[in-house]
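S.K.: Sequence and predicted structure are below.
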Amino acid sequence: MTDRDRSEWKRVATPEEAVAELERLHTGAVDALRGALKSFFADGCRPDAATRQKFRYPELCITHAPHEVPLSTRRAFAKFPTPGRYTTTITQPAAFRPYLLEQLRPLTQEFGAQLDVGPSRQDIPYPYVFEKGDELAGVSAAELARHFPIPLLSEVGDEIADGLWEFEAGAARPLALFDAMRVDYSLRRLVHYTGTDWRDIQPWILLTNYHRYVNQFVAWGIDQIRKESPYETLILPGGIVIDAKMSDAEAQAAIASAPWHKFQMPAYHVTAPGRQGITLVNIGVGPANAKNITDHLAVLRPHCWLMIGHCGGLRESQRIGDYVLAHAYLREDRILDKAVPVGVPIPALAEIQVALQQAAAHVTGETGDALKGRLRTGTVVTYDDRNWELRWSQERRRINMSRAIAVDMESGTIATQGFRMRVPYGTLLCVSDKPLHGEIKLPGAAIAFYERSISEHLRIGLAAIDILKRQIDSLHSRKLRSFDEPPFR
């Protein structure tokens with residue numbers, strides 16, 4: 001613990017004490033910043049240097065100095081790649097308390113790590129302490145930037161997740177994939193894109209590219225909270241909450257009033273105690289949206305995200321309404337080529353693949369050859385061009401070489417982001433047309449297909465999550481971790 005004044009730092013004995021101290025420091029910093037902003041809005045009072053020193057994120061430092069042979073564990077996270085000092089800044093520790101304790105308890109109990117907590121040198125940008133839309137109160141952003149910390153792009157990045165951080169002898173190693181500044185940046189973007197409070201986003205996430213899945217998810221959510229189930233509320237864009245006390249008429253009126261159309265990627269949450277609920281995000285079409293939302297969802301450290309959407313079937317033997325379980329991706333989306341070069345393999349995760357296949361068997365009631373006739377495993381091509389068919393003469397050979405069986409615009413991006421951000425991922429698509437075989441989505445046939453298939457498809461995704469919840473200890477695969485990972489998941 002060199003290179004700074006540690007007089008305000010505190011050695012704590014337990015993870016619980018560490019999180020409590022993080023909460024105390026974060027609350028104090030946010031209150032100080034809000035108070036200074038209030039004074040500035042009221043009478044132009046500018047914070048002095050001593051006051052600005054209070055606007056800092058708390059920092060967590062863990063020291064691992066083993067006196068014996070390092071403990072071996074099959075767990076993919078909450079372990080040390082090497083002895084040393086590990087640090088990260090922390091935001092919203094009260095909201096992240098279960099996650100922080102999940103990481104810290106094994107590090108202290110199994111590895112004997114020492115915990116220290118104190119103020120960091122990283123300022124909290126003033127926009128991250130506002131909760132309402134009228135925050136500037138007539139003061140220009142330029143004027144606020146002269147006297148209060150602002151978000152600096154030079155301090156926000158994914159260098160740790162992308163393995164670009166530089167190790168220096170005697171310096172601390174990163175404790176987590178994302179520091180406080182990066183997390184706060186994404187929390188604000190999640191509110192902007194999804195139309196819901198980031199605190200409502202559940203750790204089990206379904207991503208879709210079609211609004212009709214939303215209708216089915218909302219209907220399922222209402223059914224769950226009406227009957228005896230683990231689920232308690234349905235939260236819609238705009239923060240509208242539906243619970244079991246509401247009548248059917250009141251619930252339908254609330255659904256009709258939800259301003260989902262105001263948000264680029266609206267999110268819907270069915271909540272359960274212990275944050276065991278499920279979130280559905282309609283990400284729309286294309287790899288840019290897919291990367292955008294998963295960049296931000298990743299800071300919440302979800303247990304998994306699954307893509308359930310439509311695709312084009314590439315084989316004559318496929319039928320409209322069949323399912324595709326992706327076990328590989330031909331990445332023609334191009335959006336992540338610099339962060340994850342196309343030569344880096346994106347592995348299928350056995351736990352996810354098995355859960356999706358078991359869920360399909362359970363929901364459809366089909367097994368053996370009957371199930372194989374409807375559920376095909378293979379490579380999915382993910383394009384950045386919706387009209388790739390217009391380049392068929394150029395694309396034909398590559399599709400043939402890859403043995404691809406389906407094409408879409410999001411799955412490869414979502415899987416690559418899961419691999420990159422260490423979030424378990426999987427893809428189950430439904431064939432909605434066969435562009436190479438003349439079976440396109442004519443209006444009448446499309447409506448019949450949607451009514452028949454979407455409900456079943458969504459139920460398979462939900463059933464897969466139920467299966468994964470029961471095997472959470474093995475879900476966070478070591479396939480997603482490198483040899484010099486930060487200790488935190």
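M.R.: Done, it's in.

S.K.: which ones are touching residue 18?
M.R.: 12, 60, 100, 104, 115, 117 (CB atoms under 8 Å, 6 or more residues apart in numbering). (Each C-beta comes from the backbone N, C-alpha and C, glycine too.)

S.K.: so which two of these are the farthest from each other?
M.R.: The distance between the two most remote of those (CB to CB) is 12.4 Å, for 12 and 100.

S.K.: quick one: which of the contacts of residue 18 has the most company?
M.R.: With neighbours taken as other CB atoms under 10 Å, the top of these is residue 60, carrying 28 neighbours.

S.K.: Confirm it sits in a helix?
M.R.: No: remark: residue 60 does not belong to a helix; assigned using DSSP: H, G, I helix; E, B strand; the rest coil, it is strand.

S.K.: beta partners of it?
M.R.: With DSSP bridges as the criterion, residue 60 is bridged to residue 88, residue 117.

S.K.: can I assume residue 176 is in contact with residue 87?
M.R.: No: Residue 176 is beyond contact range of residue 87, at 9.2 Å (criterion: CB atoms under 8 Å).

S.K.: Who has more neighbours out of those two?
M.R.: Set residue 176 next to residue 87 and count neighbours by other CB under 10 Å: residue 176 wins out with 25 against 19.

S.K.: May I ask which helix or strand encompasses residue 308?
M.R.: strand 304-313 (DSSP states H and E).

S.K.: Could you tell me which strands that strand is paired with, and in which direction each runs?
M.R.: When DSSP bridges is applied, strand 304-313 pairs with strand 204-208 (parallel), strand 404-408 (antiparallel), strand 425-433 (parallel).

S.K.: tell me the angle the helix or strand that the second one is followed by makes with strand 425-433.
M.R.: In the C-terminal direction, the helix or strand that comes right after strand 404-408 (DSSP H and E) is helix 411-421. Taking axes from the mean of the first three to the mean of the last three CA atoms, to 10 degrees, one finds helix 411-421 and strand 425-433 inclined to each other by 180 degrees.

S.K.: Can you tell me which helices and strands helix 411-421 packs against?
M.R.: helix 287-297, strand 304-313, strand 323-332, strand 375-383, strand 425-433 (3 or more CB pairs under 8 Å, 6 or more residues apart in numbering; DSSP states H and E).

S.K.: can you redo these as TSV with mean pLDDT?
M.R.: Shown next, in TSV, are the helices and strands packed on helix 411-421 (pLDDT from 0 to 100):
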stretch	mean pLDDT
helix 287-297	98
strand 304-313	96
strand 323-332	97
strand 375-383	97
strand 425-433	95
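
S.K.: With mean neighbour count added, can I get those in CSV?
M.R.: Output for the helices and strands packed on helix 411-421, formatted as CSV (neighbours: other CB atoms under 10 Å):
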stretch, mean neighbour count
helix 287-297, 23
strand 304-313, 26
strand 323-332, 23
strand 375-383, 21
strand 425-433, 25
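
S.K.: Tabulate the ones you listed in TSV, adding columns for distance to residue 361.
M.R.: Formatted as TSV, these follow (distance: least, CB to CB, whole Å):
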stretch	distance to residue 361
helix 287-297	28
strand 304-313	16
strand 323-332	11
strand 375-383	8
strand 425-433	12
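
S.K.: okay, and the helix or strand of this protein with the least pLDDT?
M.R.: helix 443-469 (a mean of 84; mean pLDDT, DSSP states H and E).

S.K.: Not counting its own residues, what contacts the helix or strand following it?
M.R.: Using DSSP H and E, the helix or strand that follows helix 443-469 in sequence is helix 472-475. Contacts to helix 472-475, defined as CB under 8 Å, 6+ apart, come from residues 303-304, 351, 424, 468.

S.K.: what does stretch 183-196 give?
M.R.: 91-92, 124-125, 127-128, 151, 156, 178, 197-198, 201, 235-239, 259-260, 262-269, 281, 292-293, 295-300.

S.K.: ditto for stretch 368-380
M.R.: Stretch 368-380 is contacted by residues 311, 315, 318, 321-330, 353, 357, 360-361, 364, 366, 402-408, 411-412, 427, 429 when judged by CB under 8 Å, 6+ apart.

S.K.: pLDDT of whatever helix or strand residue 400 lives in, averaged?
M.R.: Assessed by DSSP H and E, residue 400 sits inside helix 392-402. Taken as a whole, helix 392-402 has a mean pLDDT of 92.

S.K.: neighbouring contacts of it?
M.R.: 314, 330, 332, 379, 381, 388, 407, 436.

S.K.: and the last one, how many neighbours?
M.R.: Counted with other CB under 10 Å, the neighbours of residue 436 add up to 16.

S.K.: Which residues are in contact with it?
M.R.: 312, 314, 392.

S.K.: same deal with the first one?
M.R.: Contacts were defined as CB under 8 Å, 6+ apart; by that measure residue 314 touches 381, 399, 404-407, 434-436.

S.K.: Mind doing that once more with 7 Å?
M.R.: 399, 404-407, 436 (CB atoms under 7 Å, 6 or more residues apart in numbering).

S.K.: where's residue 319, which helix or strand?
M.R.: Using DSSP H and E, residue 319 falls outside every helix and strand.

S.K.: Look up how far residue 354 lies from the residue lying closest to it once chain neighbours are set aside.
M.R.: Distances taken as CB to CB, 6 or more residues apart in numbering place residue 431 nearest to residue 319, at 7.0 Å, with adjacent residues excluded. According to CB to CB, to the nearest Å, residue 431 stands 22 Å off from residue 354.
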